[in-house]
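*Asks:* Sequence first, then the predicted structure, then my questions.
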Amino acid sequence: MIKNKCLTFKIYDSVYAIFINEIYEIITYQNCSKLPHTSSNFEGIINLRGQFIPVINFPNYLDKKCEITRNSLVIVTNLKDMRIGLLVPDVKEVVQLEDFAETPTVKNYLGVGVSENTEIYLLRISDFLDLEEAKNLVEREVLSDETK
């Protein structure tokens with residue numbers, strides 16, 4: 001059993017979580033630079049204090065379309081040697097998972113936990129975007145920005 005603090009967010013009736021130590025910061029949503037020939041899961045690239053960060057539209061990834069509002073947030077995660085943003089409708093709270101069952105064979109999820117009788121799906125961030133693809137997208141945006 002793993003006990004750790006997680007940031008939770010809700011999409012419709014499901015609650016998802018990310019370990020706190022995987023989060024760089026949380027920012028309000030800002031318009032992303034769209035790139036052609038990318039999936040609908042890819043929201044675009046943001047410039048965060050001079051660093052280009054790819055942003056994944058997490059509800060789209062789950063085929064749960066959500067409207068982007070002024071409450072929408074980007075959870076900027078640390079993923080190996082780069083940062084990736086997850087666009088979410090809103091964050092809920094920081095929780096300590098009580099019971100946590102690892103599910104290593106389920107893609108995108110480390111496991112399922114429980115906090116205050118609520119089932120929480122703990123995400124495996126590295127599964128949401130291929131790192132090489134993310135690096136290529138950022139490089140493409142940097143080159144595009146340099147030619148302007």
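*Replies:* That came through, no problem. Residues are numbered from 1 along each chain as shown.
*Asks:* Please count neighbours and contacts with C-alpha atoms only from this point.
*Replies:* OK.
*Asks:* Tell me where the chain has helices.
*Replies:* Along the chain, the segments classed as helices by DSSP state H run 58-61, 131-146.
*Asks:* any idea which of the ones you listed scores lowest on pLDDT?
*Replies:* Ranked on mean pLDDT, the bottom entry among the helices of the chain is helix 131-146, at a mean of 63.
*Asks:* Show me what counts as buried in stretch 17-29.
*Replies:* 17, 18, 19, 20, 22, 23, 29 (16 or more other C-alpha atoms under 10 Å).
*Asks:* Same check on stretch 86-102?
*Replies:* 86, 87, 88, 89, 90, 91, 95, 97, 100.
*Asks:* and the closest residue to residue 34 other than its chain neighbours, what are its bridge partners?
*Replies:* Of all residues not flanking residue 34 in the chain, residue 44 sits nearest, at 4.5 Å (C-alpha to C-alpha, 6 or more residues apart in numbering). Judged by DSSP bridges, the bridge partners of residue 44 are residue 55.
*Asks:* now residue 85
*Replies:* Residues in beta-bridge contact with residue 85 (DSSP bridges): residue 55, residue 76.
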